[in-house]
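> Next input, structure requested:
(2 chains, ligands or ions: 2)
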Amino acid sequence: MTDMRTSDERDDVQATTGAQAEHAGNGAGNDAARELDVARRAFLRNTAAAGVVALGGGLTLYTISGEVLAKKAEEPLDPKKRWGMLIDTTKCREGCDKCVQACKKENGWDAEPGSRTDVQWIRKVEVRDPKTGFLASLPVMCQHCANPPCVDVCPTGASMQRADGIVRVDMHICIGCRYCMMACPYKARSFVHEDIPEEKKRFHAPMGKGVVTSCDFCAHRIDVGQIPACAEACPEGAMLFGDLNDPDSALARRLKEIPSYQIRADLGTDNGIRYTRLP
Amino acid sequence: MRATGRKIIMAGLAGSVIMLSGMTAQAGGDIAPKVPIDRTKGECVLPGDQMRREHMKILVHRRDDTMYQGIRGGKAAFSACLNCHMVKDDAGKPVTIESPRHFCRVCHDFAAVKVDCWSCHKSVPDDAGNINALKGADKEAEKASMFARLMNFVQGGAK
Ligand code: SF4
Ligand code: SF4
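Ligands and ions are numbered 1, 2, ... in the order given. Next up, the predicted model:
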(Lines give C-alpha, C1' and ligand atoms only; values in the text may rest on other atoms or scores of the structure.)
(Ligands and ions follow the chains in the order given, each with its own letter.)
Protein backbone atom coordinates (compact mmCIF):
# COMPACT_ATOMS: atom_id res chain seq x y z
CA MET A 1 0.00 0.00 0.00
CA THR A 2 1.35 3.36 -0.88
CA ASP A 3 -1.50 5.18 0.68
CA MET A 4 0.06 8.17 2.38
CA ARG A 5 -2.81 9.16 4.56
CA THR A 6 -3.57 8.17 8.07
CA SER A 7 -6.40 5.72 8.55
CA ASP A 8 -8.92 8.36 9.58
CA GLU A 9 -8.26 10.26 6.38
CA ARG A 10 -9.03 7.06 4.49
CA ASP A 11 -12.38 6.92 6.23
CA ASP A 12 -12.96 10.43 5.02
CA VAL A 13 -12.70 9.38 1.41
CA GLN A 14 -14.99 6.42 1.95
CA ALA A 15 -17.49 8.65 3.60
CA THR A 16 -17.17 11.04 0.69
CA THR A 17 -17.87 8.43 -1.95
CA GLY A 18 -20.80 7.25 0.10
CA ALA A 19 -22.09 10.80 0.23
CA GLN A 20 -21.82 11.01 -3.53
CA ALA A 21 -24.23 8.12 -3.97
CA GLU A 22 -26.54 9.64 -1.44
CA HIS A 23 -26.50 13.02 -3.10
CA ALA A 24 -27.55 11.55 -6.44
CA GLY A 25 -30.91 10.69 -5.01
CA ASN A 26 -31.32 14.06 -3.36
CA GLY A 27 -34.03 16.59 -4.13
CA ALA A 28 -33.95 19.51 -6.57
CA GLY A 29 -33.64 22.13 -3.82
CA ASN A 30 -29.97 21.34 -3.51
CA ASP A 31 -29.45 21.66 -7.22
CA ALA A 32 -30.88 25.15 -7.37
CA ALA A 33 -28.66 26.23 -4.50
CA ARG A 34 -25.68 24.72 -6.27
CA GLU A 35 -26.41 26.51 -9.53
CA LEU A 36 -26.60 29.80 -7.72
CA ASP A 37 -23.33 29.02 -6.05
CA VAL A 38 -21.65 28.16 -9.34
CA ALA A 39 -22.99 31.33 -10.96
CA ARG A 40 -21.70 33.43 -8.09
CA ARG A 41 -18.30 31.83 -8.37
CA ALA A 42 -18.18 32.37 -12.12
CA PHE A 43 -19.00 36.04 -11.60
CA LEU A 44 -16.28 36.47 -9.01
CA ARG A 45 -13.82 34.68 -11.21
CA ASN A 46 -14.60 36.77 -14.26
CA THR A 47 -14.13 39.98 -12.34
CA ALA A 48 -10.78 38.65 -11.18
CA ALA A 49 -9.88 37.70 -14.75
CA ALA A 50 -10.55 41.26 -15.93
CA GLY A 51 -7.91 42.35 -13.45
CA VAL A 52 -5.48 39.92 -14.97
CA VAL A 53 -6.01 41.27 -18.46
CA ALA A 54 -5.37 44.82 -17.24
CA LEU A 55 -2.16 43.66 -15.56
CA GLY A 56 -0.83 42.49 -18.85
CA GLY A 57 -0.69 46.03 -20.23
CA GLY A 58 -0.52 46.03 -24.01
CA LEU A 59 0.21 42.34 -24.32
CA THR A 60 -1.42 40.20 -26.96
CA LEU A 61 -3.46 37.62 -25.20
CA TYR A 62 -4.46 35.51 -28.18
CA THR A 63 -1.46 34.02 -29.85
CA ILE A 64 -2.31 30.85 -31.68
CA SER A 65 -5.31 30.08 -33.83
CA GLY A 66 -6.36 26.70 -35.11
CA GLU A 67 -4.02 23.79 -34.49
CA VAL A 68 -2.48 22.97 -31.14
CA LEU A 69 0.98 24.39 -30.78
CA ALA A 70 3.23 23.85 -27.83
CA LYS A 71 3.76 27.09 -25.99
CA LYS A 72 7.18 28.63 -26.32
CA ALA A 73 8.91 29.88 -23.22
CA GLU A 74 8.67 33.59 -23.91
CA GLU A 75 5.15 33.60 -25.27
CA PRO A 76 2.19 34.42 -23.06
CA LEU A 77 -0.14 31.52 -22.40
CA ASP A 78 -3.08 30.77 -24.66
CA PRO A 79 -6.35 31.55 -22.86
CA LYS A 80 -8.27 29.40 -25.32
CA LYS A 81 -6.74 26.30 -23.84
CA ARG A 82 -7.93 24.51 -20.80
CA TRP A 83 -5.43 22.01 -19.52
CA GLY A 84 -6.78 18.79 -18.12
CA MET A 85 -5.98 15.16 -17.59
CA LEU A 86 -7.62 11.80 -17.89
CA ILE A 87 -6.45 9.26 -15.36
CA ASP A 88 -7.15 5.71 -16.45
CA THR A 89 -7.89 3.94 -13.19
CA THR A 90 -8.05 0.61 -14.98
CA LYS A 91 -4.35 1.00 -15.79
CA CYS A 92 -3.22 2.59 -12.52
CA ARG A 93 -1.63 -0.13 -10.38
CA GLU A 94 -2.15 -0.54 -6.67
CA GLY A 95 1.16 -0.07 -4.92
CA CYS A 96 2.75 2.00 -7.70
CA ASP A 97 3.61 5.57 -6.80
CA LYS A 98 5.93 6.56 -9.62
CA CYS A 99 3.88 9.70 -10.33
CA VAL A 100 4.21 10.77 -6.70
CA GLN A 101 7.95 10.17 -6.72
CA ALA A 102 8.34 12.07 -9.99
CA CYS A 103 6.43 15.03 -8.57
CA LYS A 104 8.55 15.07 -5.43
CA LYS A 105 11.69 15.12 -7.50
CA GLU A 106 10.41 17.73 -9.93
CA ASN A 107 8.91 20.10 -7.40
CA GLY A 108 11.11 19.54 -4.38
CA TRP A 109 8.68 18.50 -1.67
CA ASP A 110 8.80 15.49 0.57
CA ALA A 111 6.17 13.98 2.81
CA GLU A 112 6.62 11.38 5.49
CA PRO A 113 4.03 8.65 5.02
CA GLY A 114 1.04 9.49 7.17
CA SER A 115 2.18 13.03 7.96
CA ARG A 116 -0.63 15.55 8.23
CA THR A 117 1.64 18.57 8.05
CA ASP A 118 4.20 17.90 5.34
CA VAL A 119 3.83 19.48 1.92
CA GLN A 120 2.08 17.08 -0.43
CA TRP A 121 1.10 17.87 -4.00
CA ILE A 122 -0.06 14.45 -5.12
CA ARG A 123 -0.87 11.24 -3.32
CA LYS A 124 -2.01 7.75 -4.16
CA VAL A 125 -5.40 6.96 -2.72
CA GLU A 126 -7.09 3.60 -2.45
CA VAL A 127 -10.85 4.00 -2.48
CA ARG A 128 -13.24 1.19 -1.76
CA ASP A 129 -16.95 1.14 -2.36
CA PRO A 130 -18.25 0.22 1.09
CA LYS A 131 -21.23 -1.56 -0.41
CA THR A 132 -19.50 -3.79 -2.94
CA GLY A 133 -15.91 -3.86 -1.72
CA PHE A 134 -14.66 -2.74 -5.14
CA LEU A 135 -11.26 -1.10 -4.76
CA ALA A 136 -9.63 1.44 -7.04
CA SER A 137 -6.15 2.90 -6.72
CA LEU A 138 -5.70 6.38 -8.08
CA PRO A 139 -3.52 9.46 -7.82
CA VAL A 140 -5.21 12.56 -6.43
CA MET A 141 -3.81 16.04 -6.80
CA CYS A 142 -5.25 19.51 -7.32
CA GLN A 143 -8.18 18.90 -9.65
CA HIS A 144 -7.75 22.25 -11.42
CA CYS A 145 -11.41 23.07 -10.95
CA ALA A 146 -13.13 25.37 -13.42
CA ASN A 147 -15.03 26.83 -10.45
CA PRO A 148 -12.34 26.64 -7.78
CA PRO A 149 -13.58 27.30 -4.23
CA CYS A 150 -9.96 27.91 -3.19
CA VAL A 151 -9.90 30.96 -5.46
CA ASP A 152 -13.28 32.22 -4.22
CA VAL A 153 -12.21 32.40 -0.61
CA CYS A 154 -8.69 33.79 -0.90
CA PRO A 155 -8.59 37.26 0.68
CA THR A 156 -5.51 38.41 -1.22
CA GLY A 157 -5.97 37.05 -4.74
CA ALA A 158 -2.99 34.77 -4.26
CA SER A 159 -5.04 31.69 -4.98
CA MET A 160 -5.58 32.16 -8.67
CA GLN A 161 -6.70 30.57 -11.88
CA ARG A 162 -4.65 31.15 -14.97
CA ALA A 163 -6.46 31.85 -18.21
CA ASP A 164 -5.54 28.34 -19.40
CA GLY A 165 -7.27 26.74 -16.43
CA ILE A 166 -4.30 26.02 -14.19
CA VAL A 167 -5.11 26.83 -10.57
CA ARG A 168 -2.15 27.77 -8.42
CA VAL A 169 -0.97 29.93 -5.55
CA ASP A 170 0.87 33.14 -6.31
CA MET A 171 3.13 32.70 -3.31
CA HIS A 172 4.40 36.25 -3.65
CA ILE A 173 1.13 37.57 -2.28
CA CYS A 174 -0.07 34.61 -0.18
CA ILE A 175 -0.33 35.54 3.48
CA GLY A 176 -0.58 31.96 4.67
CA CYS A 177 -4.07 32.28 6.12
CA ARG A 178 -4.91 28.75 4.89
CA TYR A 179 -8.47 29.67 4.03
CA CYS A 180 -8.02 27.94 0.66
CA MET A 181 -6.98 24.74 2.39
CA MET A 182 -10.27 24.73 4.23
CA ALA A 183 -12.24 25.46 1.07
CA CYS A 184 -10.66 22.82 -1.16
CA PRO A 185 -12.86 19.70 -1.21
CA TYR A 186 -9.93 17.54 -2.33
CA LYS A 187 -7.35 18.27 0.36
CA ALA A 188 -5.09 19.34 -2.46
CA ARG A 189 -3.30 22.14 -0.67
CA SER A 190 -0.56 22.15 1.95
CA PHE A 191 0.93 24.78 4.16
CA VAL A 192 4.71 25.00 4.28
CA HIS A 193 5.47 24.78 7.98
CA GLU A 194 9.23 24.84 7.91
CA ASP A 195 12.07 26.55 6.14
CA ILE A 196 13.23 24.58 3.13
CA PRO A 197 17.00 24.20 3.10
CA GLU A 198 18.80 25.51 0.03
CA GLU A 199 19.84 22.05 -1.20
CA LYS A 200 16.22 20.83 -1.20
CA LYS A 201 14.85 23.82 -3.09
CA ARG A 202 14.00 23.44 -6.74
CA PHE A 203 14.87 26.38 -8.91
CA HIS A 204 11.69 26.38 -10.96
CA ALA A 205 9.30 25.43 -8.14
CA PRO A 206 9.94 27.92 -5.35
CA MET A 207 8.14 27.50 -2.04
CA GLY A 208 8.97 28.48 1.49
CA LYS A 209 7.82 28.72 5.05
CA GLY A 210 4.55 30.55 5.62
CA VAL A 211 2.76 30.05 2.30
CA VAL A 212 0.33 27.53 0.88
CA THR A 213 1.27 25.44 -2.13
CA SER A 214 -0.40 22.89 -4.35
CA CYS A 215 0.01 21.08 -7.64
CA ASP A 216 0.34 23.66 -10.41
CA PHE A 217 0.18 21.10 -13.23
CA CYS A 218 3.93 21.66 -13.58
CA ALA A 219 3.25 25.14 -14.99
CA HIS A 220 6.98 25.62 -15.52
CA ARG A 221 6.98 22.61 -17.86
CA ILE A 222 3.71 23.40 -19.64
CA ASP A 223 4.98 26.93 -20.26
CA VAL A 224 7.87 25.56 -22.30
CA GLY A 225 5.82 22.96 -24.15
CA GLN A 226 6.38 19.91 -21.94
CA ILE A 227 3.87 17.73 -20.10
CA PRO A 228 3.61 17.43 -16.29
CA ALA A 229 6.25 15.27 -14.60
CA CYS A 230 3.69 12.77 -13.23
CA ALA A 231 2.19 12.07 -16.64
CA GLU A 232 5.66 11.64 -18.08
CA ALA A 233 6.68 9.22 -15.33
CA CYS A 234 3.68 6.88 -15.36
CA PRO A 235 4.95 3.50 -16.65
CA GLU A 236 1.41 2.41 -17.54
CA GLY A 237 0.56 5.49 -19.56
CA ALA A 238 -2.40 5.94 -17.25
CA MET A 239 -2.22 9.74 -17.21
CA LEU A 240 -3.24 11.46 -20.42
CA PHE A 241 -2.57 15.19 -20.35
CA GLY A 242 -3.95 17.66 -22.86
CA ASP A 243 -6.19 20.53 -23.88
CA LEU A 244 -9.82 19.93 -22.94
CA ASN A 245 -10.96 22.77 -25.20
CA ASP A 246 -9.37 21.45 -28.36
CA PRO A 247 -11.63 18.77 -29.89
CA ASP A 248 -8.65 17.40 -31.84
CA SER A 249 -6.39 16.83 -28.85
CA ALA A 250 -5.68 13.21 -27.93
CA LEU A 251 -7.28 13.91 -24.57
CA ALA A 252 -10.52 15.29 -26.00
CA ARG A 253 -10.79 12.43 -28.48
CA ARG A 254 -10.31 9.86 -25.74
CA LEU A 255 -12.86 11.59 -23.53
CA LYS A 256 -15.34 11.40 -26.36
CA GLU A 257 -14.79 7.65 -26.70
CA ILE A 258 -15.08 6.47 -23.14
CA PRO A 259 -17.03 7.46 -20.04
CA SER A 260 -15.07 9.47 -17.48
CA TYR A 261 -15.88 10.98 -14.14
CA GLN A 262 -14.88 13.87 -11.95
CA ILE A 263 -14.43 13.22 -8.24
CA ARG A 264 -17.42 14.64 -6.40
CA ALA A 265 -18.92 16.03 -9.59
CA ASP A 266 -21.93 16.88 -7.45
CA LEU A 267 -20.03 19.83 -6.00
CA GLY A 268 -20.13 21.62 -9.33
CA THR A 269 -16.45 22.54 -9.28
CA ASP A 270 -16.04 21.08 -12.80
CA ASN A 271 -12.65 19.45 -12.31
CA GLY A 272 -10.05 19.42 -15.04
CA ILE A 273 -8.86 16.01 -13.84
CA ARG A 274 -11.12 13.15 -14.86
CA TYR A 275 -10.98 9.45 -14.02
CA THR A 276 -12.15 6.52 -16.12
CA ARG A 277 -13.66 4.68 -13.21
CA LEU A 278 -14.48 5.60 -9.65
CA PRO A 279 -16.00 3.32 -7.03
CA MET B 1 12.34 78.44 22.51
CA ARG B 2 11.00 75.30 20.92
CA ALA B 3 11.05 76.79 17.44
CA THR B 4 14.67 77.88 17.84
CA GLY B 5 15.61 74.39 19.00
CA ARG B 6 14.01 72.91 15.93
CA LYS B 7 15.82 75.40 13.71
CA ILE B 8 19.13 74.39 15.18
CA ILE B 9 18.36 70.74 14.59
CA MET B 10 17.29 71.49 11.03
CA ALA B 11 20.46 73.42 10.38
CA GLY B 12 22.48 70.58 11.85
CA LEU B 13 20.71 68.06 9.72
CA ALA B 14 21.15 70.11 6.58
CA GLY B 15 24.82 70.44 7.40
CA SER B 16 25.30 66.74 7.78
CA VAL B 17 23.39 66.05 4.58
CA ILE B 18 25.72 68.38 2.72
CA MET B 19 28.71 66.73 4.35
CA LEU B 20 27.40 63.27 3.48
CA SER B 21 26.71 64.12 -0.12
CA GLY B 22 30.12 65.71 -0.36
CA MET B 23 31.63 62.46 0.86
CA THR B 24 29.69 60.35 -1.60
CA ALA B 25 30.65 62.58 -4.46
CA GLN B 26 34.28 62.38 -3.47
CA ALA B 27 34.68 58.74 -2.63
CA GLY B 28 31.71 57.24 -4.51
CA GLY B 29 33.78 55.07 -6.77
CA ASP B 30 35.63 53.56 -3.85
CA ILE B 31 32.85 52.67 -1.45
CA ALA B 32 29.95 51.67 -3.73
CA PRO B 33 29.91 47.87 -4.02
CA LYS B 34 30.56 46.31 -7.40
CA VAL B 35 28.07 43.67 -8.46
CA PRO B 36 29.97 40.65 -9.78
CA ILE B 37 29.05 39.87 -13.39
CA ASP B 38 30.45 37.54 -16.01
CA ARG B 39 30.50 39.78 -19.09
CA THR B 40 31.53 36.93 -21.35
CA LYS B 41 27.90 35.78 -21.12
CA GLY B 42 26.63 39.04 -22.60
CA GLU B 43 25.32 42.38 -21.42
CA CYS B 44 22.78 42.94 -18.67
CA VAL B 45 19.16 43.82 -19.53
CA LEU B 46 19.78 47.44 -18.59
CA PRO B 47 22.88 49.58 -17.93
CA GLY B 48 24.29 49.25 -14.42
CA ASP B 49 23.11 52.56 -12.93
CA GLN B 50 19.60 52.03 -14.24
CA MET B 51 19.64 48.45 -12.99
CA ARG B 52 20.61 49.70 -9.54
CA ARG B 53 17.45 51.83 -9.43
CA GLU B 54 15.04 49.67 -11.40
CA HIS B 55 15.89 46.02 -10.79
CA MET B 56 13.22 45.52 -8.16
CA LYS B 57 10.55 46.90 -10.47
CA ILE B 58 11.74 44.66 -13.28
CA LEU B 59 11.65 41.67 -10.97
CA VAL B 60 8.09 42.36 -9.84
CA HIS B 61 6.92 43.05 -13.39
CA ARG B 62 8.52 39.85 -14.58
CA ARG B 63 7.09 37.95 -11.65
CA ASP B 64 3.56 38.92 -12.67
CA ASP B 65 4.29 38.11 -16.32
CA THR B 66 5.28 34.64 -15.23
CA MET B 67 2.51 34.08 -12.70
CA TYR B 68 -0.36 35.29 -14.88
CA GLN B 69 0.88 34.79 -18.43
CA GLY B 70 3.31 31.92 -18.08
CA ILE B 71 6.09 33.93 -19.71
CA ARG B 72 9.45 32.33 -19.00
CA GLY B 73 13.02 32.38 -20.20
CA GLY B 74 14.90 35.13 -21.95
CA LYS B 75 17.20 37.74 -20.53
CA ALA B 76 14.83 39.03 -17.86
CA ALA B 77 14.35 35.56 -16.36
CA PHE B 78 15.46 35.04 -12.80
CA SER B 79 17.62 32.17 -14.00
CA ALA B 80 19.37 34.53 -16.39
CA CYS B 81 20.30 36.88 -13.50
CA LEU B 82 21.83 33.98 -11.62
CA ASN B 83 23.53 32.66 -14.71
CA CYS B 84 25.62 35.81 -15.25
CA HIS B 85 25.93 37.09 -11.70
CA MET B 86 26.70 33.80 -9.99
CA VAL B 87 29.85 33.86 -7.86
CA LYS B 88 31.89 30.68 -7.42
CA ASP B 89 33.69 29.74 -4.24
CA ASP B 90 37.26 28.45 -4.07
CA ALA B 91 36.10 24.92 -4.84
CA GLY B 92 34.36 26.23 -7.99
CA LYS B 93 30.84 25.79 -6.62
CA PRO B 94 28.33 28.64 -6.89
CA VAL B 95 27.94 30.39 -3.53
CA THR B 96 24.45 30.47 -2.01
CA ILE B 97 22.76 33.40 -0.31
CA GLU B 98 24.43 32.22 2.91
CA SER B 99 27.62 33.76 1.64
CA PRO B 100 28.20 37.55 1.73
CA ARG B 101 29.82 37.11 -1.68
CA HIS B 102 26.46 36.22 -3.29
CA PHE B 103 25.76 38.97 -5.83
CA CYS B 104 22.53 40.06 -4.17
CA ARG B 105 24.15 40.38 -0.80
CA VAL B 106 27.08 42.38 -2.14
CA CYS B 107 24.76 45.40 -2.44
CA HIS B 108 22.01 44.53 0.00
CA ASP B 109 24.43 44.04 2.89
CA PHE B 110 25.96 47.41 2.05
CA ALA B 111 22.56 49.11 1.87
CA ALA B 112 21.26 47.18 4.91
CA VAL B 113 18.31 45.83 2.93
CA LYS B 114 17.06 42.37 3.76
CA VAL B 115 15.00 40.73 1.03
CA ASP B 116 12.58 37.82 1.39
CA CYS B 117 13.15 36.28 -2.04
CA TRP B 118 15.49 33.56 -0.87
CA SER B 119 13.23 31.98 1.70
CA CYS B 120 11.42 30.43 -1.28
CA HIS B 121 13.70 30.86 -4.28
CA LYS B 122 16.85 28.88 -4.73
CA SER B 123 19.82 31.25 -4.79
CA VAL B 124 22.00 29.21 -7.14
CA PRO B 125 21.09 27.71 -10.51
CA ASP B 126 19.93 24.09 -10.48
CA ASP B 127 22.80 21.74 -11.24
CA ALA B 128 20.73 19.17 -13.09
CA GLY B 129 20.67 21.34 -16.21
CA ASN B 130 17.02 21.76 -15.40
CA ILE B 131 16.80 25.41 -16.27
CA ASN B 132 13.80 25.01 -18.51
CA ALA B 133 13.36 28.72 -18.44
CA LEU B 134 16.55 29.27 -20.40
CA LYS B 135 15.33 27.13 -23.25
CA GLY B 136 13.57 28.90 -26.04
CA ALA B 137 15.44 32.07 -25.22
CA ASP B 138 16.94 32.08 -28.67
CA LYS B 139 14.28 33.75 -30.79
CA GLU B 140 15.38 37.25 -31.68
CA ALA B 141 11.86 38.51 -32.32
CA GLU B 142 10.64 37.30 -28.95
CA LYS B 143 13.63 38.86 -27.27
CA ALA B 144 12.96 42.17 -28.97
CA SER B 145 9.32 42.24 -27.96
CA MET B 146 10.28 41.33 -24.42
CA PHE B 147 12.74 44.22 -24.35
CA ALA B 148 10.17 46.62 -25.73
CA ARG B 149 7.74 45.67 -22.98
CA LEU B 150 10.43 45.93 -20.37
CA MET B 151 11.51 49.37 -21.52
CA ASN B 152 7.90 50.49 -21.73
CA PHE B 153 7.44 49.32 -18.18
CA VAL B 154 10.59 50.93 -16.83
CA GLN B 155 9.71 54.22 -18.48
CA GLY B 156 6.37 54.21 -16.75
CA GLY B 157 4.22 52.79 -19.55
CA ALA B 158 2.56 49.94 -17.70
CA LYS B 159 2.31 50.15 -13.98
S1 SF4 C 1 -8.75 20.88 -6.23
FE2 SF4 C 1 -8.72 22.26 -4.49
S3 SF4 C 1 -6.86 23.49 -4.77
FE4 SF4 C 1 -7.31 22.51 -6.74
S5 SF4 C 1 -8.59 24.03 -7.86
FE6 SF4 C 1 -10.02 22.63 -6.83
S7 SF4 C 1 -10.43 23.67 -4.88
FE8 SF4 C 1 -8.59 24.63 -5.69
S1 SF4 D 1 -3.31 30.78 2.35
FE2 SF4 D 1 -2.61 32.17 0.73
S3 SF4 D 1 -3.55 31.39 -1.17
FE4 SF4 D 1 -4.65 30.42 0.57
S5 SF4 D 1 -6.41 31.75 0.95
FE6 SF4 D 1 -4.78 32.48 2.33
S7 SF4 D 1 -3.68 34.08 1.14
FE8 SF4 D 1 -4.97 32.94 -0.32
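
> and stretch A:215-228 with chain B, contact?
Yes - residues of stretch A:215-228 contacting chain B under CB under 8 Å from any CB of the partner chain: A:A219, A:H220, A:R221, A:I222, A:D223, A:V224, A:G225, A:Q226. (Each C-beta comes from the backbone N, C-alpha and C, glycine too.)

> Pull the distance from that stretch to the chain's centre.
13 Å (CA atoms, centre = their mean, to the nearest Å).

> in it, what's buried?
Across stretch A:215-228, burial judged by 16 or more other CB atoms under 10 Å in any protein chain shown covers A:215-224, A:226-228.

> Which stretches in the stretch 1-150 of chain A count as strands?
Taking DSSP state E, counting those that start in this stretch as the test, the strands found in the stretch 1-150 of chain A are A:83-87, A:122-128, A:135-141.

> Tell me which of the ones you listed sits nearest to ligand 2.
Of all these, the one in closest proximity to ligand 2, counting by CB to the nearest ligand atom, is strand A:135-141 (16.7 Å).

> Not counting its own residues, what contacts the closest one?
A:87, A:89, A:92-96, A:99-100, A:103, A:121-129, A:186, A:188, A:214-215, A:230, A:239, A:263, A:273, A:275, A:277-279 (CB atoms under 8 Å, 6 or more residues apart in numbering or on different chains).

> Give me the average confidence score over it.
For strand A:135-141, mean pLDDT rounds to 94.

> That strand close to ligand 1?
No - Strand A:135-141 lies apart from ligand 1 when judged by CB under 6 Å from any ligand atom; the minimum separation is 7.9 Å.

> related to what we said a few turns ago, could you export the strands of the stretch 1-150 of chain A as a markdown table, including mean neighbour count and distance to A:A250?
Compiled in a markdown table, the strands of the stretch 1-150 of chain A are given as follows (neighbours: other CB atoms under 10 Å in any protein chain shown; distance: least, CB to CB, whole Å):
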| stretch | mean neighbour count | distance to A:A250 |
| --- | --- | --- |
| strand A:83-87 | 24 | 9 |
| strand A:122-128 | 20 | 22 |
| strand A:135-141 | 20 | 19 |
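
> Spatially nearest residue to B:E98 (excluding sequence neighbours)?
Distances taken as CB to CB, 6 or more residues apart in numbering or on different chains place A:E198 nearest to B:E98, at 7.2 Å, with adjacent residues excluded.

> all helices of chain B, in order?
B:2-31, B:48-69, B:78-85, B:103-111, B:117-120, B:140-154 (DSSP state H).

> Check the stretch 151-279 of chain A too.
Counting by DSSP state H, counting those that start in this stretch, the stretch 151-279 of chain A has helices at residues A:179-183, A:219-222, A:229-233, A:250-257.

> Dump those helices into CSV; add distance to B:F103 and mean pLDDT as well.
Putting the helices of the stretch 151-279 of chain A into CSV (distance: least, CB to CB, whole Å; pLDDT from 0 to 100) gives the following:
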stretch, distance to B:F103, mean pLDDT
helix A:179-183, 35, 97
helix A:219-222, 23, 93
helix A:229-233, 30, 94
helix A:250-257, 43, 95
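
> and A:D243, what does it touch?
A:V68, A:K81, A:R82, A:W83, A:G84, A:S249, A:L251, A:A252.

> ok, back up a step: nearest to B:A112, out of the residues of stretch A:215-228 next to chain B: which one, please.
For those, the residue nearest B:A112 by CB to CB is A:H220; the value is 33.3 Å.

> from memory that closest one sits against A:A205, does it?
Yes - between A:H220 and A:A205 there is a contact under CB atoms under 8 Å: 6.6 Å.

> Verify the stated contact: B:G70 with A:D164.
Yes - counting by CB under 8 Å, A:D164 is a contact partner of B:G70 at 7.4 Å.

> Give the residues shared as contacts by these two.
Residues touching both B:G70 and A:D164 (CB under 8 Å, 6+ apart): A:L77, A:I222.

> tell me which parts of the stretch 151-279 of chain A are close to ligand 1?
Within reach of ligand 1 by CB under 6 Å from any ligand atom, the stretch 151-279 of chain A has these residues: A:V167, A:C184, A:Y186, A:A188, A:R189, A:S214, A:T269.

> can you rerun that using 5 Å?
A:V167, A:C184, A:Y186, A:A188, A:S214 (CB under 5 Å from any ligand atom).

> tell me, how many neighbours does the first one end up with?
Burial measure for A:V167: 25 neighbouring residues, criterion other CB atoms under 10 Å in any protein chain shown.

> Show me what it bridges to in the sheet.
A:Q161 (DSSP bridges).

> thinking again about what came up before, turn the strands of the stretch 1-150 of chain A into TSV, columns for distance to B:I97.
As requested, the strands of the stretch 1-150 of chain A are arranged in TSV below (distance: least, CB to CB, whole Å):
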stretch	distance to B:I97
strand A:83-87	33
strand A:122-128	29
strand A:135-141	31
